[in-house]
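K.L.:
I need the structure of the sequence given here:
(one chain, ligands or ions: 1)
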Amino acid sequence: MSDILILNGRVVDPASGIDAERDVLLRHGRVAAVEMPGELRAVRGKEIIDAKGMIVAPGLVDVHVHLREPGQTYKESIKTGTEAAAAGGFTSVVAMPNTVPVNDSVSGLEWMLDAARGACVKLFAMPAATFGSLGEEITDYHELARAGAVGFTDDGKPILHDRVMRTALVAAAGIGVPISQHAEDTRLTGGCSMNAGPVAFRLGLRGMTVEAESKIVERDIRLLRDIERHDGLRPHLHVQHVSTAKAMEAIRQAKREGLHVTCEVAPHHFTLTDEAIGDYDTNAKMNPPLRNDADRQAMIAGLLDGTVDCIATDHAPHALFEKEQEFERAPNGITGLETALGLALRVLHQGNGMSISRVIELMSAQPAGILSLAGRGTLSVDSFADVVVFDPAAEWSFDVAKTRSKSRNTPFDGAPMLGRVSYTLSEGRVVFKS
Ligand SMILES: [Zn+2]
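P.N.:
The predicted structure follows:
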């Protein structure tokens, strides 16, 4: 592997506090030097990437993706999913366990993380928090953590029972990893296919209330408080894809109280509302559902005031025939890896004044920190040579026909984006070039 020198770019590395013109040298898959322009001119035998006019940032980290392998590779595979990640500027992704079969064993986890699966960026995984994600009995956290688990989740389903969730939080606290909760009280959402409100009423669909989300978040926060007081442990709850103002406020209060709770928001929840469903467009069907504009604004407020710890895509590919069904029957989820940066820059930076550095932090250093992914999410010397080079001024529109994902399920076909990825490097290898 030859050395790579990235010249003339604006290096934005929030973890190191750098936002200035710098040259970056990558060697043996690591960041070897970040120096003032011109200082690295003498390095020999190097490949050069000219980043003039570009931002050079740590490769993005996504703590929430569905790669559908094993069992559903007609939707996506580890290879195609990570290719889509690379195209979107991501260099680390965390695969959710709702594969077929559910990833709830050491052998399953090792199989997924095996290089033979063809991941072109760094693949991490969160195995199931309970066997079969049935919410009854927790999996073997110690063995799974030793095999590489970075957290545990039954994503797609909540851990409903208080006793099971308590056991899970205590067990994960002993290892120092989070329980990631899909916050949905499924006892309140049976037969629901979108957000409750006037749009659902007009379409004649059953809607999910905001309480179905906030009740689980509030219950989990009570458990955190109780465990801290009575067990002397400090469990870490990570709330996945927050979508309601009510749940956001509960998280804000829990943070004020000092509890160890983190959360993520998906780009679609700060960009769209349930109006995007229009006339039963299944490409706007996901779970949690698109909410109303007050909830969307609350996601932006949470991102701006630091309540939200990171942006995560919840990349959820499906085949065309699955989405081409009646709205109520179609599966939940949209693809998101290739549109996340472009939406974040357009909506948060251009639309709401968030600095580019902060957008990058929410998509690299912060998600890496939540899961303690050492050497990721930063360009500090000796960290992995995971880099995204993008043009922050490029305005473009997403063309789903050009996606690297196997799937086409996105409500953002033709949508305006800001900031276009030119290069993505994973551990010093170019894995995407526009
Ligand atoms: Zn989920």
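K.L.:
buried ones in the longest helix seen in the chain, by neighbour count?
P.N.:
Taking DSSP state H as the criterion, the chain has its longest helix at helix 211-231. Neighbour-count burial for helix 211-231 flags 212-221, 223-224, 227-228 (criterion: 16 or more other C-beta atoms under 10 Å). In this view, the C-beta of every residue, glycine as well, is placed from N, C-alpha and C.
K.L.:
closest to the ion among those residues?
P.N.:
Glu213 (10.7 Å; C-beta to the ion).
K.L.:
list the residues that contact the closest one.
P.N.:
Glu213 makes contact with Ala183, Glu184, Asp185, Val242, Ser243, Thr244, Lys246, Ala247, Pro288 under the criterion C-beta atoms under 8 Å, 6 or more residues apart in numbering.
K.L.:
one more: His260?
P.N.:
Contacts of His260 by C-beta under 8 Å, 6+ apart are Leu224, Arg234, Pro235, His236, Leu237.
K.L.:
apart from its chain neighbours, what residue comes closest to Asp309?
P.N.:
Distances taken as C-beta to C-beta, 6 or more residues apart in numbering put Thr262 closest to Asp309, at 4.2 Å, once the chain neighbours are dropped.
K.L.:
one step back: would you reformat the contacts of His260 as CSV and include distance to the ion and pLDDT?
P.N.:
Compiled in CSV, these are given as follows (distance: C-beta to the ion, whole Å; pLDDT from 0 to 100):
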residue, distance to the ion, pLDDT
Leu224, 19, 98
Arg234, 24, 97
Pro235, 20, 98
His236, 18, 98
Leu237, 14, 98
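K.L.:
filter those residues to the buried ones?
P.N.:
Leu224, Pro235, His236, Leu237.
K.L.:
how many neighbours does the closest residue to the last one other than its chain neighbours have?
P.N.:
To tie it back to what came earlier, the one meant is Leu237. Nearest non-adjacent residue to Leu237, counting by C-beta to C-beta, 6+ apart: Val261, 4.8 Å away. By the criterion of other C-beta atoms under 10 Å, Val261 has 25 neighbours.
K.L.:
ditto for Ile18
P.N.:
18.
K.L.:
got the contact list for the nearest residue to it once chain neighbours are set aside?
P.N.:
For Ile18, the nearest residue in space outside its immediate sequence neighbours is Val11; the separation is 5.4 Å by C-beta to C-beta, 6+ apart. Listed by C-beta under 8 Å, 6+ apart, the contact set of Val11 reads Ile18, Asp19, Ala20, Glu21, Arg22, Val24, Val34, Ile55, Val56, Ala57, Leu379.
K.L.:
and the pLDDT at Met1?
P.N.:
On pLDDT, Met1 comes in at 64.
K.L.:
what score does the closest residue to Thr403 other than its chain neighbours have for pLDDT?
P.N.:
The shortest distance from Thr403 to any non-neighbouring residue, by C-beta to C-beta, 6+ apart, is to Glu338 (5.9 Å). Turning to Glu338, the model gives it a pLDDT of 98.
K.L.:
how about Ala116?
P.N.:
Predicted confidence (pLDDT) for Ala116: 88.
K.L.:
residue numbers of the stretch 101-250 of the chain in contact with the ion?
P.N.:
The stretch 101-250 of the chain comes close to the ion at residues Asp155, His182, as judged by C-beta under 5 Å from the ion.
K.L.:
show me the helices in the stretch 101-250 of the chain, by range?
P.N.:
Using DSSP state H, counting those that start in this stretch, the helices of the stretch 101-250 of the chain run over residues 106-113, 141-146, 162-175, 198-203, 211-231, 245-257.
K.L.:
list the contacts of Val217.
P.N.:
With the criterion set at C-beta under 8 Å, 6+ apart, Val217 makes contact with Gln181, Ala183, Val239, Val242, Ala247, Ala250, Ile251.
K.L.:
rewinding a little: please list the outside residues in contact with the helix or strand the residue nearest to Asp309 falls within.
P.N.:
Element membership for Thr262 (DSSP states H and E) is strand 261-265. Strand 261-265 has contacts (C-beta under 8 Å, 6+ apart) with 63-64, 178, 220-221, 224, 236-243, 248, 251, 254-255, 299, 302-303, 307-312, 367, 370.
K.L.:
do that again at 7 Å, thanks
P.N.:
Strand 261-265 is contacted from outside by 63-64, 178, 221, 224, 237-242, 251, 254-255, 299, 302-303, 308-312, 370, using C-beta atoms under 7 Å, 6 or more residues apart in numbering.
K.L.:
tell me the strands beside the worst-scoring helix or strand of the chain on mean pLDDT, with direction?
P.N.:
Across the helices and strands of the chain, mean confidence by mean pLDDT, DSSP states H and E is lowest for strand 46-50: a mean of 92. If you go by DSSP bridges, strand 46-50 pairs up with strand 3-13 (parallel).
K.L.:
for the chain, which spans come out with low pLDDT?
P.N.:
1 (pLDDT under 70).
K.L.:
in it, what residue comes closest to the ion?
P.N.:
The nearest approach of the chain to the ion comes at His182, 3.7 Å away (C-beta to the ion).
K.L.:
sec struct for Gly353, please.
P.N.:
coil (DSSP: H, G, I helix; E, B strand; the rest coil).
K.L.:
and the residue most central in space within the chain, what does it touch?
P.N.:
Closest residue to the average C-alpha location of the chain: Ala312 at 2.3 Å, with C-alpha atoms, centre = their mean. Taking C-beta under 7 Å, 6+ apart as the criterion, Ala312 is in contact with Asp62, Val63, His64, His241, Glu264, Ala266, Pro367.
K.L.:
go again using 10 Å as the cut-off
P.N.:
Residues in contact with Ala312 (C-beta atoms under 10 Å, 6 or more residues apart in numbering) are 61-65, 93-94, 180, 238, 240-241, 263-267, 336, 340, 362-363, 367, 370.
K.L.:
quick revisit: what bridges to the residue nearest to Asp309?
P.N.:
The partner residues for Thr262, given DSSP bridges, come to His238.
K.L.:
in TSV, list the helices of the stretch 101-250 of the chain along with distance to Val421.
P.N.:
As requested, those are exported to TSV (distance: least, C-beta to C-beta, whole Å):
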stretch	distance to Val421
helix 106-113	25
helix 141-146	33
helix 162-175	34
helix 198-203	33
helix 211-231	32
helix 245-257	29
